[in-house]
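A.B. asks: Here is the input, now give the coordinates:
(one chain, ligands or ions: 1)
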Amino acid sequence: MNGCVPPLTIHLVAEHPRRRPAFRVPYNWWWREGPVEPSKAVVFDLDGVLSDASHRQYLIHGARRSWNLFFDLCGGDAVIGEGASLLEEVDEGQRVVLCTARPARVAPQTLDWLERNNLRWDLLIMRDHGDYSIAREYKQWSVEEMRAYGFELTMAVEDDRRNLAMFEEEGIPSVYVHSGYFD
Ligand SMILES: [Mg+2]
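C.D. replies: The predicted structure is shown next:
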């Protein structure tokens, strides 16, 4: 329509004095309490490591699969106690990044779940809108973005061996958690 001006969208880019000048914080990053100073960080997966997704696994197996419903139900997961304990053991001087292949549309449920369960984290990274890449590729790009921000990734905790192999290729020591979802 002539003369129709689209609504102005302003994206606030988190500023930090020590971040690299060219680095723009991706829109699929959520800070718990605002941007943190680049430092050492540990990367935790969510499903199968901190979040017990076993009650919804049936939705992605068998003839009638629904990834949408599988992710929609994430707010009802129980906490995996061992994963939560491991999270608490992370040195105070390190940051905690939660990097999950869950789509960004379930960010509200995920943020609410983290709050309700009082889990420690600093940055949540979710698969961006329109990103249908395989989890391993998405996580590898996220590693590049975390490093570009200035994070020194000291450890990754994962239940998917394909992601684990990627972290190891990237030179990040990795801890395998057996969720039973993949093998
Ligand atoms: Mg997982």
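
A.B. asks: Name the residues of the lowest-mean-pLDDT helix or strand in the chain that are buried.
C.D. replies: With mean pLDDT, DSSP states H and E as the measure, the helix or strand of the chain carrying the lowest mean pLDDT is helix 67-72 (a mean of 88). In terms of neighbour count (16 or more other Cβ atoms under 10 Å), helix 67-72 has its buried residues at Phe70, Phe71, Asp72. To be clear about C-beta, it is placed using only N, CA and C from the backbone, and glycine gets the same treatment.

A.B. asks: How far away from the center of its chain is it?
C.D. replies: 16 Å (Cα atoms, centre = their mean, to the nearest Å).

A.B. asks: Let's see it as CSV, backbone CA atoms only.
C.D. replies: The C-alpha trace of helix 67-72 is given here as CSV (Å, rounded to 0.1, in the frame of the first residue of the first chain):
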residue,chain,number,x,y,z
TRP,A,67,8.7,-32.3,16.7
ASN,A,68,6.4,-29.3,17.4
LEU,A,69,4.6,-31.1,20.2
PHE,A,70,7.8,-32.6,21.5
PHE,A,71,9.2,-29.1,22.1
ASP,A,72,5.9,-27.6,23.2
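
A.B. asks: now the helix or strand just after that helix: mean pLDDT?
C.D. replies: Using DSSP states H and E, the next helix or strand after helix 67-72 towards the C-terminus is strand 78-79. Looking at strand 78-79 alone, the average pLDDT works out to 96.

A.B. asks: Direction included, what does strand 78-79 pair up with?
C.D. replies: Sheet pairing of strand 78-79 (DSSP bridges) gives strand 51-52 (antiparallel).

A.B. asks: Tyr138 against Ala101, yeah?
C.D. replies: Yes: here Tyr138 lies in contact with Ala101, judged by Cβ atoms under 8 Å, at a distance of 6.0 Å.

A.B. asks: where do the contact lists of the two overlap?
C.D. replies: By Cβ atoms under 8 Å, 6 or more residues apart in numbering, Tyr138 and Ala101 have these common neighbours: Arg127.

A.B. asks: and which of the buried residues of helix 67-72 is nearest Leu46?
C.D. replies: Closest approach between those and Leu46, by Cβ to Cβ: Phe71, at 11.0 Å.

A.B. asks: Residues touching whichever strand in the chain runs longest, excluding its own?
C.D. replies: Across the chain, the strand with the greatest residue count (assigned by DSSP state E) is strand 95-103. For strand 95-103, the external contacting residues (Cβ under 8 Å, 6+ apart) are 36, 39-47, 50, 71, 74, 87, 90, 110, 114, 120-127, 129, 131, 135, 138-139, 142, 146, 151, 153.
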